[in-house]
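A.B. asks: Need the 3D shape of this:
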Amino acid sequence: MTLVVTALLLSLAPLDSDAAPRRNQPAPAFKTFSIKGQPISTEGLKGSVVLLDFWATWCPPCRESIPHLAELHRKYGKQGLVVVGMSVDEGGERTVKEYAERNAIPYQIVMASGKISSDYGVRALPVLYVIDKNGLVREQVMGFSDQAGKVIENLIKKLLNEK
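C.D. replies: Okay, the predicted model is just below:
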């Protein structure tokens with residue numbers, strides 16, 4: 001199983017390992033639709049603090065992070081936080097929709113195209129990006145732990161208070 005997961009993670013690797021956006025650089029632009037049919041784009045997210053979570057239904061650490069992300073969504077959504085789950089599942093939208101419904105994921109989920117994953121330099125899962133109100137990447141977190149969750153939450157609180 002570990003070899004399968006490792007192989008799948010490596011298959012997500014972009015050709016250019018420097019492709020991941022760096023801190024204080026503009027987040028790569030994207031335009032897509034949520035699994036519920038709502039349009040989502042970097043342009044439409046400007047003015048909000050955004051937490052992008054690249055994940056997959058088969059990824060144990062990704063599944064462990066979902067309750068934390070749901071809590072951030074509930075706590076800070078009305079203050080301007082937008083959480084977007086960027087699924088890299090190859091099983092298709094139906095698999096992701098069923099998983100999201102079964103687990104009552106309250107935030108928006110999109111199917112991340114290969115281009116979006118490549119533009120964000122996704123080479124392991126989960127990987128989270130915190131993007132400020134001006135569309136700049138402020139943090140990239142690879143993997144997830146309670147400590148990472150605290151770092152992300154503190155940054156989100158700080159960014160929500162910025163003008």
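A.B. asks: tell me the phi and psi of the most centrally placed residue in the chain?
C.D. replies: Nearest to the geometric centre of the chain sits D53, at 1.5 Å (Cα atoms, centre = their mean). Main-chain dihedrals, D53, degrees, to the nearest 10: phi -120, psi 110.
A.B. asks: ditto for D119
C.D. replies: The phi and psi values for D119, taken as degrees, to the nearest 10, are phi -60, psi -30.
A.B. asks: so the nearest residue to S48 once chain neighbours are set aside bridges to which residues?
C.D. replies: Nearest residue to S48 in three dimensions, chain neighbours excluded: V82, at 4.5 Å (Cβ to Cβ, 6 or more residues apart in numbering). Bear in mind the C-beta positions are built from the backbone N, C-alpha and C, glycine included. On the basis of DSSP bridges, V82 is bridged to V50.
A.B. asks: low-scoring pLDDT stretches of this protein, where are they?
C.D. replies: Applying pLDDT under 70 to the chain flags the ranges 1-18.
A.B. asks: where exactly do the helices run in it?
C.D. replies: If DSSP state H is used as the criterion, the helices of the chain fall at 2-11, 42-45, 60-76, 93-102, 114-119, 146-161.
A.B. asks: May I see the buried residues of the fifth one?
C.D. replies: By neighbour count with 16 or more other Cβ atoms under 10 Å, helix 114-119 contains the buried residues 116-119.
A.B. asks: what do you get for the fourth one?
C.D. replies: Neighbour counts using 16+ other Cβ under 10 Å place 96, 99-100 of helix 93-102 among the buried residues.
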